[in-house]
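*Asks:* output the structure for:
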Amino acid sequence: MKITDVKTYQLSVKVDQPFTSSRGWWYGMKSAMIIKVETDEGLVGWGEAYGPAAVSRAVIESLFKKQLIGRDPFDVEVIWEHLYNLIKDYGLSGMTISALSAVDIAMWDLMGKATGRPIHKLLGGCFRNPVTAYATGFYFTDLDRTLEDAVEEAQKYLAQGFKAMKMKIGLGDLRKDLKRIEAVRQAVGDEVKLMVDANHCFTVPQAITIGRELDKMGIYWFEEPISPEDLDGYQQVTQALDLAVAGGENEFTKFGFREIIARKAMDIVQPDVCAAGGITECKKIAAMAQAHWVECVPHAWGSAIGMAATLHFLASLPDCPPCLCPVPPLLEFEQTFNPFRDDLATVQITHENGQVAVPEGPGLGIEINQEVIDKYLVKS
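*Replies:* Model prediction:
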């Protein structure tokens, strides 16, 4: 089997209700960059790149495409190393690696389709099916109703059967944040796993101060408390707090995660298969984390392609630690408006009472609806 063409699709849609996080800018549009890799045997593989779609599209079309024509998708490691070394002088992280991630996911999709097996079988098997999902949401849409909106949203997820949720924090006033978190905790009860995500808005002292209060509320993990560049600060926060500190969604490749894991600067690392280097690289990041007894719980934000790839990767992760009553890694199920997630696959990836089935079809196990691509395609 040889690759004959690589096609890129930049998708964009206006969101129905703009929202923001502690990052400070409002999301009024959503975008996605997906690729289709065609072969001489008629099989196609789909992949997705995280982040600004136009940038990763340019990387694939100008750098990667000509390197892929004529390649055998089963040479997935050889292809990964070749493309990584091609960009090594200027692209050790960021959008070049996101673009590489899309290519890698497409290779795994093709290998699965060629063998008639789901990706998780090629990765060594499925430790859990279904997987337990948590609802990511609680963005800020009305700054005058941040507490009321959060409680209403929590009650909605509870009614849908979710047993775990992650809320955004970072309102510029620790008391205001804590009051809002406490209101959500009371609304969902103590049995629901509740996580918070600060999107790296705190200083080290602020993160430690609020983290100690979060621990009293039984918060399951504290995500991105400080800026990702401050690894020393992460180590300080992690060592100061009893509750788990999570991060790493904006880190790339095993090289980027090496120091985080070796120094145990985070209790939970969160590589994104559409950003950190694809399935090939994320398995290596997860193995390195396991060797240091650091949990690996992938970040997920994207289309049905990224969701399917994340499901296969997550299902292939062993329990850490293995025990009689293990706590399996959770699937992030983002809840904002996203037709690329909800409509792109002909059969929607959805949850039932917070449980999501791992696709069992060949490759990613999903079929792509070309009409949805045509509807949201950005014309070049």
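*Asks:* for the residue lying closest to Glu334 once chain neighbours are set aside, which residues are in contact?
*Replies:* Excluding the flanking residues, the one nearest Glu334 by CB to CB, 6 or more residues apart in numbering is Thr136, at 4.5 Å. Where C-beta positions appear, they are placed from N, C-alpha and C, glycine not excepted. For Thr136, the contact set (CB atoms under 8 Å, 6 or more residues apart in numbering) comprises 165-166, 197, 332-335.
*Asks:* narrow those residues to just the buried residues.
*Replies:* Taking 16 or more other CB atoms under 10 Å as the criterion, what is buried in the contacts of Thr136 is 165-166, 197, 332-335.
*Asks:* what is the nearest of those to Leu241?
*Replies:* Asp197 (15.2 Å; CB to CB).
*Asks:* mind listing what the nearest residue to the closest one once chain neighbours are set aside touches?
*Replies:* With CB to CB, 6+ apart as the criterion, Asp197 has its nearest non-adjacent residue at 4.1 Å, and that residue is Glu223. Each residue near Glu223 by CB under 8 Å, 6+ apart is listed here: 166, 195-198, 245-247, 270.
*Asks:* could you do Gln355 as well?
*Replies:* Counted by CB under 8 Å, 6+ apart, Gln355 has contacts 130-133.
*Asks:* equivalent analysis for Glu38, please.
*Replies:* Taking CB under 8 Å, 6+ apart, one finds 3-7, 44 in contact with Glu38.
*Asks:* over to Lys121?
*Replies:* Taking CB under 8 Å, 6+ apart as the test, what Lys121 contacts is Gly112.
*Asks:* could you check which helix or strand contains it?
*Replies:* helix 119-122 (DSSP states H and E).
*Asks:* then that helix to PDB, C-alphas only?
*Replies:* The C-alpha trace of helix 119-122 is given here as PDB (Å, rounded to 0.1, in the frame of the first residue of the first chain):
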ATOM      1  CA  ILE A 119      -6.500   1.000  16.300                       C
ATOM      2  CA  HIS A 120      -6.700  -0.100  20.000                       C
ATOM      3  CA  LYS A 121      -6.000  -3.700  18.800                       C
ATOM      4  CA  LEU A 122      -2.900  -2.500  17.000                       C
END
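*Asks:* how far is it from where the chain is centred?
*Replies:* 19 Å (CA atoms, centre = their mean, to the nearest Å).
*Asks:* same thing with stretch 51-67?
*Replies:* With CA atoms, centre = their mean, you get 20 Å for stretch 51-67.
*Asks:* which outside residues touch it?
*Replies:* 6, 8, 10-12, 31-33, 35, 49-50, 82-83, 86-87, 91, 94-96, 98-100, 102-103, 275, 378.
*Asks:* buried subset of these?
*Replies:* In the contacts of stretch 51-67, burial by neighbour count holds for 6, 8, 10-11, 31-33, 35, 49-50, 83, 87, 91, 94-96, 98-100, 102-103, 275, counting by 16+ other CB under 10 Å.
*Asks:* in contact with Ser98, which residues are there?
*Replies:* Counted by CB under 8 Å, 6+ apart, Ser98 has contacts 49-51, 56, 252, 274-275.
*Asks:* so which elements touch the lengthiest strand in the chain?
*Replies:* Longest strand of the chain, by residue count under DSSP state E: strand 3-19. The contact analysis (3 or more CB pairs under 8 Å, 6 or more residues apart in numbering; DSSP states H and E) places strand 3-19 against strand 27-39, helix 53-59, helix 65-68, helix 339-342, helix 370-376.
*Asks:* ok, which of these comes nearest Val184?
*Replies:* Using CB to CB, the nearest of these to Val184 is strand 27-39, at 21.3 Å.
*Asks:* just checking: what are the partner strands of that closest one?
*Replies:* Counting by DSSP bridges, the strands paired with strand 27-39 are strand 3-19 (antiparallel), strand 44-49 (antiparallel).
*Asks:* out of the ones you listed, deepest packed?
*Replies:* Burial of the strands paired with strand 27-39 is given as mean neighbour count (mean count of other CB atoms under 10 Å); strand 44-49 ranks first at a mean of 28.
*Asks:* just give me how far it sits from the chain centre.
*Replies:* Distance, centroid of strand 44-49 to centroid of chain: 16 Å (CA atoms, centre = their mean).
*Asks:* got the CA positions of it in PDB?
*Replies:* Only the C-alpha atoms of strand 44-49 are listed here, as PDB (Å, rounded to 0.1, in the frame of the first residue of the first chain):
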ATOM      1  CA  VAL A  44      -8.200   6.500   3.000                       C
ATOM      2  CA  GLY A  45      -6.900   7.600   6.400                       C
ATOM      3  CA  TRP A  46      -8.200  10.600   8.400                       C
ATOM      4  CA  GLY A  47      -6.200  12.700  10.800                       C
ATOM      5  CA  GLU A  48      -6.600  16.000  12.800                       C
ATOM      6  CA  ALA A  49      -4.300  18.800  13.900                       C
END
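*Asks:* and the longest helix along the chain with strand 44-49, angle?
*Replies:* Ordering each helix of the chain by length in residues (DSSP state H) puts helix 95-115 first. When axes from the mean of the first three to the mean of the last three CA atoms, to 10 degrees is applied, the directions of helix 95-115 and strand 44-49 differ by 150 degrees.
*Asks:* may I have helix 95-115 exported as PDB, CA atoms only?
*Replies:* C-alpha atoms of helix 95-115 as PDB (Å, rounded to 0.1, in the frame of the first residue of the first chain):
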ATOM      1  CA  MET A  95       2.100  23.900  15.200                       C
ATOM      2  CA  THR A  96       4.600  21.800  13.300                       C
ATOM      3  CA  ILE A  97       4.100  19.000  15.800                       C
ATOM      4  CA  SER A  98       0.300  19.400  15.600                       C
ATOM      5  CA  ALA A  99       0.500  19.000  11.800                       C
ATOM      6  CA  LEU A 100       2.700  15.900  12.300                       C
ATOM      7  CA  SER A 101       0.000  14.600  14.700                       C
ATOM      8  CA  ALA A 102      -2.600  14.800  12.000                       C
ATOM      9  CA  VAL A 103      -0.400  12.800   9.600                       C
ATOM     10  CA  ASP A 104       0.300  10.200  12.300                       C
ATOM     11  CA  ILE A 105      -3.300   9.600  13.200                       C
ATOM     12  CA  ALA A 106      -4.100   9.100   9.500                       C
ATOM     13  CA  MET A 107      -1.300   6.500   9.300                       C
ATOM     14  CA  TRP A 108      -2.900   4.500  12.200                       C
ATOM     15  CA  ASP A 109      -6.300   4.800  10.600                       C
ATOM     16  CA  LEU A 110      -4.900   3.400   7.400                       C
ATOM     17  CA  MET A 111      -3.200   0.500   9.200                       C
ATOM     18  CA  GLY A 112      -6.300  -0.400  11.000                       C
ATOM     19  CA  LYS A 113      -8.400  -0.300   7.800                       C
ATOM     20  CA  ALA A 114      -5.800  -2.400   5.900                       C
ATOM     21  CA  THR A 115      -5.800  -5.100   8.600                       C
END
